[in-house]
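In: here's a sequence, model it:
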Amino acid sequence: MKIIQLDDLQENAVDLIANQWMLITAGTADNHNTMTASWGGIGHLWNKDVAYIFIRPQRHTYDFVEKNDFFSLCFFEEKYRNVLKLCGSKSGRDIDKMNLEITPVVDEQNIYYKEARVVMLCKKIYYQDLDPKNFLDASIQKNYPQNDYHRMYIGEIYKTLEN
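Out: I've put the predicted structure just below:
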C-alpha cells in the first residue's frame, strides 16, 4: 500500500460508502473488531479532512470505537463482498472476526486490512448521539423501530492508503 493525499483519491465517496460498503475497525493488534457499514461520509470540518461514521450502541464494534482513540475505514474490491456481508450480518460476539479471509495490519495505533484497496486511518475528534427530537423529516424515524439511535463519530483522517 502506498500513502496518498486524500485529495488525490479518484473515488466517488458516496459510491464508496453507500454501494461498495466499508469495514469500520477499531481495537488493538490482539483484540479488535470490525463491522460493515454503508452510512457515513467524508468531508472537511474544523480545517481537517474528516470521516464521519454511525454505529448503533448494541453493535459489538461500538465498544471498540468507544474505548480506542483510532478507527479505520477499509474499502475492498468486489471479490471481498462475502467478507463484507459476513461482517455486516454476524457479531464479533458470536464469531471470531480476527480470523477472517483478510489480514489485519497494525499501523501506529490503528488496525486496517492488507487486502483493502483504499484505507482511511482516523483519529476520533468528536462524537454525538443522534436525537430524534432533531429529525426534521419524520420519515427518518422508520430507520429506528427499536429507538436504537446511532452514535456519530467524527474522525480526522490522518493517513490515506491505496493499493
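
In: distance check, residue 62 against residue 101.
Out: 24 Å (Cβ to Cβ, to the nearest Å). For every residue, glycine as well, the C-beta is placed using N, CA and C.

In: pretty sure residue 33 sits against residue 92.
Out: Yes: look at residue 33 against residue 92 with Cβ atoms under 8 Å: they come within range, at 4.0 Å.

In: ok, back up a step: who has more neighbours out of residue 62 and residue 101?
Out: Neighbour tally, residue 62 and residue 101, criterion other Cβ atoms under 10 Å: the higher count belongs to residue 62, 19 against 10.

In: what helix or strand is that one on?
Out: Using DSSP states H and E, residue 62 falls within helix 60-67.

In: tell me the mean pLDDT for that helix?
Out: Summarised as a single mean, pLDDT over helix 60-67 is 97.

In: okay, buried residues for it please.
Out: For helix 60-67, burial by neighbour count (16 or more other Cβ atoms under 10 Å) applies to 60, 61, 62, 63, 64, 65.

In: now the residues you listed in TSV, with distance to residue 51?
Out: Shown next, in TSV, are the buried residues of helix 60-67 (distance: Cβ to Cβ, whole Å):
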residue	distance to residue 51
60	20
61	15
62	16
63	20
64	16
65	12
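
In: what is the nearest of these to residue 42?
Out: residue 65 (17.1 Å; Cβ to Cβ).

In: I am finished for the moment; much appreciated.
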